[in-house]
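Engineer: Give me a 3D structure for the following:
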Amino acid sequence: MNQAFGLTNLWLQGDGVTRTVAVLLLIMSVVSWVIILSKSWTLYQTRKNANQVECFWHAPSLATGISQMSIENNPYRELAQNAQDAITHHHDRTDDLKANISVSDWLTRCLKVSIDRSVAHLQQGLTFLASTGATAPFIGLFGTVWGIYHALIGIGTTGTATIDQVAGPIGEALIMTALGLAVAIPAVLGYNAITRANKVVIGELNRFGNDLYAYFMTGAPISNAPLKSKTAQD
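Structural biologist: Alright, predicted model coming up:
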C-alpha cells in the first residue's frame, strides 16, 4: 500500500474527532476481547467443576462432599456450603427474628441468594459486550462521515478534484466503518456464545439447589442427582 495512504496517514492527517473515534474503537475492541477470553476461561472451569457434583452425592458425608469439590470458580461448592451454613445458622440462632422463619423458607431464601450471586458473577461484562456490538458500527460510521466531510473540505480548499485527491482521503475515511464492524462482530458473537453457556450453567445450579433443598428437608441423600439433563446435552 502506498505510504501516502492507509491507517498511518489517516491518523496523521485526521483531526481530534477522527483520532478520538479511532482510540475509542481500539479501547472497545481490547476490553471486549479481554471479557470474551476471561469469561470463556471461567466457563471452562465451571463446566469442569460441574462434573464434581456427582461425586458430591456419593460422598459419605456432607462435609466430605464439600471438601472434595474444588474452590476456584466453583459455584456448586459455594451453593452447598451456603446451604449448610444456612441450616447451621438457623438452628443455632434461636433468640432472634430468624427463629420465627421456618427452616424451609430460610433455606429457600439462602439458596436463592447464593444462586443469584453466582448468576451475577457469570453475567459480568455481558452488558459491555452487548453495548459494544450495538454501538461500534455506528461509531465507526460516524468516523467515516466525519472523515469524508473533513476530506471534502480539504479538497475544496485546493480548488481541484483529481482522482488521487478524492480517492485517498475518502478511502481512508471508509476504513473507520470497517474498524467499527471489526469491533462489533466479535462482541456480538462472544455475547451470544457466553449467554448460551451461562443458561446451561444457571439451569444446572437451579437443579443442584433443588436437590440440596430436598436433601436438607428430608435428610436422605439423593441417589441420582440429575446434573446431566436434556438441556445440558442440547
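Engineer: can you map out the helices along this protein?
Structural biologist: Counting by DSSP state H, the chain has helices at residues 7-13, 16-50, 52-57, 62-67, 75-92, 103-122, 126-158, 163-218, 230-233.
Engineer: what is the mean pLDDT for the last one?
Structural biologist: In other words, helix 230-233. Mean pLDDT, helix 230-233: 40.
Engineer: Is it possible to get TSV of the helices of the chain that adds mean neighbour count?
Structural biologist: For every residue, glycine as well, the C-beta is placed using N, CA and C. Formatted as TSV, these follow (neighbours: other CB atoms under 10 Å):
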stretch	mean neighbour count
helix 7-13	14
helix 16-50	16
helix 52-57	17
helix 62-67	15
helix 75-92	18
helix 103-122	16
helix 126-158	17
helix 163-218	17
helix 230-233	10
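Engineer: Lowest average pLDDT across the ones you listed?
Structural biologist: Among the helices of the chain, helix 230-233 carries the lowest mean pLDDT (a mean of 40).
Engineer: Grab the most central residue of this protein for me.
Structural biologist: Nearest to the geometric centre of the chain sits Leu126, at 3.8 Å (CA atoms, centre = their mean).
Engineer: Could I get the contacting residues of that one?
Structural biologist: Leu126 sits next to 35, 39, 191, 194-195, 198 when contact means CB atoms under 8 Å, 6 or more residues apart in numbering.
Engineer: With Thr132 instead?
Structural biologist: Thr132 is in contact with 28, 31-32, 183-184, 187, counting by CB under 8 Å, 6+ apart.
Engineer: Adding distance to Leu62, write those residues out as TSV.
Structural biologist: Converted to TSV, those look like this (distance: CB to CB, whole Å):
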residue	distance to Leu62
Met28	46
Val31	41
Ser32	41
Val183	48
Ala184	48
Ala187	42
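Engineer: Pick the one among the residues you listed closest to His89.
Structural biologist: Using CB to CB, Val31 comes nearest to His89 of these, at 39.7 Å.
Engineer: ok, the closest one to Gly203 distance?
Structural biologist: Look at Val31 and Gly203: by CB to CB, to the nearest Å, they are 29 Å apart.
Engineer: From the chain's centroid, how far away is stretch 51-67?
Structural biologist: Computed by CA atoms, centre = their mean, to the nearest Å, the chain-centroid distance of stretch 51-67 equals 29 Å.
Engineer: hey, C-alpha coordinates of it in CSV?
Structural biologist: Once non-C-alpha atoms are left out, stretch 51-67 reads as follows in CSV (Å, rounded to 0.1, in the frame of the first residue of the first chain):
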residue,chain,number,x,y,z
ASN,A,51,-18.6,-32.9,37.0
GLN,A,52,-17.8,-32.9,40.7
VAL,A,53,-21.5,-32.8,41.6
GLU,A,54,-22.0,-36.5,41.0
CYS,A,55,-19.0,-37.3,43.3
PHE,A,56,-20.5,-34.9,45.9
TRP,A,57,-23.7,-37.0,46.1
HIS,A,58,-21.7,-40.2,46.5
ALA,A,59,-19.6,-38.8,49.4
PRO,A,60,-20.1,-40.4,52.9
SER,A,61,-21.0,-37.1,54.5
LEU,A,62,-21.9,-33.5,53.6
ALA,A,63,-18.6,-32.1,54.9
THR,A,64,-16.6,-34.7,52.9
GLY,A,65,-18.6,-33.9,49.8
ILE,A,66,-18.0,-30.2,50.1
SER,A,67,-14.2,-30.7,50.8
